[in-house]
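K.L.:
coords please:
(4 chains)
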There are 2 protein chains.
Amino acid sequence: MTELGLRERKKAEASAELERAALELFARHGFDAVTVDQIAAAADVSRRTFFRYFPTKEDVFFSRRRAQMDALARLLAAPEPGETAFETVRRALLRLADGHLADRERILTEQRVLAGAPALVARDLEWDRRAERAFAAALEAGAKRDAVSRRRARVCAGALVGALRVVIEDWVQKGCRGDLRKAGEEALDWVAPLAP
Amino acid sequence: MTELGLRERKKAEASAELERAALELFARHGFDAVTVDQIAAAADVSRRTFFRYFPTKEDVFFSRRRAQMDALARLLAAPEPGETAFETVRRALLRLADGHLADRERILTEQRVLAGAPALVARDLEWDRRAERAFAAALEAGAKRDAVSRRRARVCAGALVGALRVVIEDWVQKGCRGDLRKAGEEALDWVAPLAP
DNA sequence: AACATTTTGGCACTCGGTGCCACTTGACAC
DNA sequence: GTGTCAAGTGGCACCGAGTGCCAAAATGTT
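P.N.:
Numbers count the residues shown, from 1 in each chain, chains lettered A, B, ... in the order given. As a prediction, this is how the structure comes out:
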């Protein structure tokens, strides 16, 4: 293991504390009603320091999503030998679904905050776009090199993300209680014929 | 025709002038580098008045998109007798594509502005979401009433928008020179089997 | 201990956005 | 035309997000 110096440890602590305090305040009062000053005060740092850890107020909300994207990228970069590109994508997505199921409670509160702040909804869609690009890259890598196949890969990725957003939306709508994995598999089966 | 009073005419003029001035400034200096004060000055109104016409600086950029959405809603609300819901959606989309082809120049500059302003990209995705909801409603209306068919309609709408965004992106990438209608038809054919 | 480096806090500033109020201007009487 | 009323405008003060800057504090090093 890497021994972290006191400095590194303190930084990690401050960041985590800011994130914790922010999410709690957002959940209680809504995203817009909470000021950065309040978050900083709750985490016992100055407002200026908040902006050293998070470039914007929105970023502190999406810290979890960044971690998810990293996990997704890792999964896509490590295909099982012999599987098709679409199967790799499928495996990665179902793994993510399992992660969602484990985080039900947090996702529910995050979603409530999200619903009350249009600015966050827009940013949220940007994360989907990043996922889409990751899928597109994975599918293109496994497809033939001609223009139609590559376009088809990108279209498939777009369709995939569009479809899965609907699945997650429905699942959240039902209080994160349904079988997300099953719904995800169903959607994946529907979209599978689009793969190049 | 409705005779517009002087008041109404002046309002329309001011709004159009603000929009014109804003787009020109954005195109020249980038979205972020232009302040609302500059836009207001260029349109010869006060900053306060700008915000009476457009709730945010972003809204002045997306005024055209709002009109597009209205057109789309109208097309979806007027299906030809006897066609399937998916065919209605297809017709509406190809009509929009024709509109895009006619507006090439403007779309190109808009896209350049967009590319330089992440905040605008996020907002842009929200418009896609509205379109998606419109498609979903149209497809659900034409589908059976059971839960799976309805979910499939929503998933199809999500996939459709995801796919078409890719098509438009590719088209813009090539300087709006390719055959957008043909590419759109190709993508629609790919997604068609998803329709409920 | 003394020194170098990183981190922090505070201040001043810009810009987007809003509430408020006084003032102007078009609409509509008579 | 003149007076009246409502709609629209401009200016001002204010808030919150975000940034540049610098001095003070904390940490790491020798």
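
K.L.:
contacts, neighbours, all on C-alpha from now
P.N.:
OK.

K.L.:
domains of chain A?
P.N.:
Domain assignment of chain A by automatic domain parsing yields the ranges A:6-57, A:62-194.

K.L.:
and the first one, does that touch chain B?
P.N.:
Think domain A:6-57. No: Domain A:6-57 stays clear of chain B (C-alpha under 8 Å from any C-alpha of the partner chain), getting no nearer than 12.1 Å.

K.L.:
That domain: how far from the chain's middle?
P.N.:
Centre-to-centre, domain A:6-57 and its host chain are 20 Å apart (C-alpha atoms, centre = their mean, to the nearest Å).

K.L.:
ok, and does it reach over to DNA strand D?
P.N.:
Yes: using C-alpha under 7 Å from any atom of the strand, we find that domain A:6-57 touches DNA strand D at A:6-8, A:32, A:34-37, A:48, A:51, A:55-57.

K.L.:
Point out the least confident member of those, please.
P.N.:
Within the set of the residues of domain A:6-57 next to DNA strand D, pLDDT is lowest for residue A:6 (73).

K.L.:
Just the angle for the lengthiest helix in chain A relative to helix B:147-173, thanks.
P.N.:
In chain A, taking DSSP state H as the definition, the longest helix is helix A:147-173. Per axes from the mean of the first three to the mean of the last three C-alpha atoms, to 10 degrees, the angle that helix A:147-173 makes with helix B:147-173 is 140 degrees.

K.L.:
by how many degrees do the helix or strand following helix A:147-173 and helix B:147-173 diverge?
P.N.:
Of the helices and strands lying after helix A:147-173 in sequence (DSSP states H and E), the nearest is helix A:180-191. Orientation check (the same axes, to 10 degrees): helix A:180-191 against helix B:147-173 gives 60 degrees.

K.L.:
any chance of the domains of chain A in CSV, with distance to residue B:90 too?
P.N.:
Below are the domains of chain A laid out as CSV (distance: least, C-alpha to C-alpha, whole Å):
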stretch, distance to residue B:90
domain A:6-57, 39
domain A:62-194, 16
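
K.L.:
so which of those is the most packed in?
P.N.:
Of all the domains of chain A, domain A:62-194 carries the top mean neighbour count, a mean of 18, counting by mean count of other C-alpha atoms under 10 Å in any protein chain shown.

K.L.:
give me phi/psi at the residue sitting furthest away from the middle of chain A?
P.N.:
Distance from the C-alpha centroid of chain A, by C-alpha atoms, centre = their mean, peaks at residue A:146 (31.3 Å). Phi and psi for residue A:146, reported as degrees, to the nearest 10, are phi -70, psi 160.

K.L.:
tell me which element the residue nearest to residue A:61 when sequence neighbours are not counted is part of?
P.N.:
If the residues on either side of it in the chain are set aside, residue A:61 comes closest to residue A:23, at 6.8 Å by C-alpha to C-alpha, 6 or more residues apart in numbering or on different chains. Under the criterion of DSSP H and E, residue A:23 resides in helix A:6-29.
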